[in-house]
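Enquirer: using only what follows, build the 3D model:
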Amino acid sequence: MTCIVALKENGKIYFGADKALSDAYTMRKISYNKIFKKGKYILGYTGSPRLGQLLEHVIELPEPPKSGANLHFIVSSFIESVRKGLKEYGFSEVDNNKEKGGIFIIGIDGEIFKVYNDFQVSTYENNVICCGSGEDYAEATMEALKDIFPPKERIAKAIEIAGKFITTVTQDCIILEA
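Expert: Prediction:
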């Protein structure tokens, strides 16, 4: 499991992720990152590492429009590219005509978006998006510390606190900024 935290603040975006791979019984620190930059994007994923491997190394992501990424672009061009790639490389599941992918966060052009298993895309008024087993603790921490710590410190604290309460999240983290 995982804790990914994305924050949009003052025209910048910040992503943080813990450094563990776990299941119900074990946890191992990983040598790769669950957040990464790819072209103009920052992405972070939860669940199967295969999702992140495909997003980072295999799937061709579309060039965002010159006017900047927006919900329409993400829902249409971006998601269609990801869906096709996940299907082509055997990651997607289809059950009763419902396609299932994975959960991940996209940062582009100062905006952040969350993609759910059914490829629904959301963005939130509080400019914070979290995913993974530690997301509830992380999101509450981000809200509680919003006027106390600058972005990178706030994200590190959110992951640290999630790691204190969720056995599938490590307190070690990496943070990226764009």
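Enquirer: can you pull out the low-pLDDT segments for the chain?
Expert: Applying pLDDT under 70 to the chain flags the ranges 69.
Enquirer: can you pull out the helices in it?
Expert: All helices of the chain, identified by DSSP state H, fall at 49-53, 71-73, 79-88, 135-144, 151-165.
Enquirer: Gly16: which of these is closest?
Expert: Smallest distance to Gly16 across the helices of the chain (C-beta to C-beta): 3.7 Å, for helix 151-165. From N, CA and C alone the C-beta is placed, and that goes for glycine too.
Enquirer: other residues contacting that closest one?
Expert: With contact meaning C-beta atoms under 8 Å, 6 or more residues apart in numbering, helix 151-165 is reached by 3, 5, 7, 9, 12, 14-18, 130, 134-135, 137-139, 141-142, 145-146, 148-149, 169-171, 173, 175, 177.
Enquirer: among those, which ones are buried?
Expert: Buried members of the contacts of helix 151-165, counted by 16 or more other C-beta atoms under 10 Å: 3, 5, 7, 14-18, 130, 134-135, 137-139, 141-142, 145, 149, 169-170, 173, 175.
Enquirer: now, the residues you listed that are in strands?
Expert: With DSSP state E as the criterion, strands contain 5, 7, 14-18, 130, 173, 175 from among the buried ones among the contacts of helix 151-165.
Enquirer: possible to save these as a markdown table with distance to Lys157?
Expert: Output for those, formatted as a markdown table (distance: C-beta to C-beta, whole Å):
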| residue | distance to Lys157 |
| --- | --- |
| Val5 | 10 |
| Leu7 | 12 |
| Tyr14 | 13 |
| Phe15 | 15 |
| Gly16 | 10 |
| Ala17 | 14 |
| Asp18 | 13 |
| Cys130 | 13 |
| Cys173 | 10 |
| Ile175 | 11 |
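Enquirer: of those, closest to Gly52?
Expert: Nearest member of those to Gly52, counting by C-beta to C-beta, is Ala17, at 9.9 Å.
Enquirer: spit out the contact partners of that closest one.
Expert: 2-5, 33-35, 44, 159, 173-174.
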